[in-house]
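In: Sequence first, then the predicted structure:
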Amino acid sequence: MIEKEPKMSQNRFAVCLGLVLGISTVLISPRAVAQQGDAGPSIKSPEDMLEEAILKIDAGEYQEAATLYDRAKRSKPNMPRLALALGLIRIQQSRAAEAINILEEFNKDAGNEFRGYYAIGRVYNESRMYLQAVRPLERAKDFAPVEMNGKNVKAEIAVELAIAYNGRDLPKEALRYADEAAALAPNDPGVQLKLGQMNLKTQDYASALRAAEKSVSLLNGQLRADPFKPDHNLQLKEANTLRVTILEAQRAADPDDANTYFALAVAMRDAADSERRISLLKAREYALEGVNKDSKLSECSVFLARLEWELGGAQDALDRLKGVLADDANNADAARLREEILASLRQQPAP
């Protein structure tokens, strides 16, 4: 049975849950839906297909997850973990009330599986039904590993608990879980981003700004290693937007502090840069599609190389230009861009 907030009617409960749109399921922040594809020849048993579906939900690949779920259910419709996968898929489909019913039934006999509890807690948090969020989140934290599939799971759950207690106006408990999350995942930009968002709500601007700036710093480091990763680019945009919001609140609180105006100008410039990166990534997707359709379209390949260079992938751009010049040694545009990139690399300080 779902515990109700004091004085909350059943109608309000249904309305709140109905407003939950686009909530991502456990382990990640929301990402672009992957293209629907085949599960692959290595997946044979219904159990294997179901576990692969759950992993794809964790990764945000909902269309592939739904395909695998359907195949697994047709092959073996009595598997208990089908309910877990279905509940998580229903959340992504904005069918939160139905998802909670499914997941609560699953959780009765779920053993130490944390995903169902975590998903329910996040739904309640997103609905601002903080009292209801606490118990499933605490159960999820009890069962969750510290890390799974490269995600700091226990830290992410601790952040959600901090949000729930903060929403209930219990700052001591909220701070305890926030500190725990920061200690568990000091180098996780997603955790730092959530901590910044929570601190902003409590008007702790100094702590919020520290968390947002740490998130930006960590993401910039990750993008140097992999400049084309969509998730990291989207998180960078979100973190920079958070910086601007915090600094605007600080400016309103103290309109005579010149340092705040300077920091706000820098943050707005960085936010604009991260917005531009998102547009460049989309342009790169289209250019890649053009090259895939016609590998001899050298003009598109050169343009694609320039996009990759602008995004920070100088070596990717040089490798692409090498292929263009191998096919056409007299391609002046490719040769000119190659020299431009090499000159810029020569000017960079040695690491």
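Out: Yes, it's here.
In: remind me which residues of the chain are low pLDDT?
Out: Applying pLDDT under 70 to the chain flags the ranges 1-44, 350-351.
In: Please parse it into its domains.
Out: According to automatic domain parsing, the chain comprises the domains 203-285, 294-351.
In: is it possible to export the ones you listed to TSV including mean neighbour count?
Out: Yep, even glycine has a C-beta here, placed from its N, CA and C like the rest. Formatted as TSV, the domains of the chain follow (neighbours: other Cβ atoms under 10 Å):
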stretch	mean neighbour count
domain 203-285	17
domain 294-351	15
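In: export those domains to TSV and tack on distance to residue 79?
Out: What follows is these, written out as TSV (distance: least, Cβ to Cβ, whole Å):
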stretch	distance to residue 79
domain 203-285	30
domain 294-351	43
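In: Work out for me the element residue 156 sits within.
Out: helix 153-167 (DSSP states H and E).
In: List the buried residues of that helix.
Out: 153-167 (16 or more other Cβ atoms under 10 Å).
In: One more: stretch 100-117?
Out: For stretch 100-117, burial by neighbour count (16+ other Cβ under 10 Å) applies to 100, 102-104, 106-107, 110, 113-117.
In: Can you list which of those residues are found in helices?
Out: Among the buried residues of stretch 100-117, the ones falling in helices (DSSP state H) are 100, 102-104, 106-107, 115-117.
In: Let's have those in TSV, adding distance to residue 246.
Out: Converted to TSV, these look like this (distance: Cβ to Cβ, whole Å):
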residue	distance to residue 246
100	33
102	38
103	35
104	37
106	39
107	37
115	32
116	34
117	31
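In: Which of those residues sits closest to residue 267?
Out: Taking Cβ to Cβ as the measure, residue 267 lies nearest residue 115 of those, at 35.8 Å.
In: re the thing from before, right, and the domains of the chain - which one's nearest residue 83?
Out: Nearest to residue 83, of those and by Cβ to Cβ, is domain 203-285 at 27.9 Å.
In: okay, how far is it across the closest one, tip to tip?
Out: 40 Å (Cα to Cα, to the nearest Å).
In: Of all the domains of the chain, which one is nearest residue 149?
Out: domain 203-285 (13.3 Å).
In: List the buried residues for stretch 167-183?
Out: For stretch 167-183, burial by neighbour count (16+ other Cβ under 10 Å) applies to 167, 174-175, 177-178, 180-182.
In: and those as TSV, adding secondary structure and distance to residue 129?
Out: TSV is the format used below for those (DSSP: H, G, I helix; E, B strand; the rest coil; distance: Cβ to Cβ, whole Å):
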residue	secondary structure	distance to residue 129
167	helix	9
174	helix	16
175	helix	21
177	helix	18
178	helix	20
180	helix	23
181	helix	21
182	helix	25
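In: which outside residues touch the helix holding residue 156?
Out: Here helix 153-167 makes contact (Cβ atoms under 8 Å, 6 or more residues apart in numbering) with 26-27, 114, 118, 121-122, 124-125, 128, 130, 133-134, 137-138, 140-141, 144-147, 171, 173-178, 180-182, 184-185, 188, 190-191, 194-195, 198, 201-202.
In: if we go to 6 Å?
Out: 118, 121, 125, 130, 133-134, 137, 140-141, 144-146, 173-174, 177-178, 180-181, 184-185, 191, 194, 198 (Cβ atoms under 6 Å, 6 or more residues apart in numbering).
In: hang on, isn't residue 192 packed against residue 214?
Out: Yes. With contact defined as Cβ atoms under 6 Å, residue 192 reaches residue 214; the gap is 4.7 Å.
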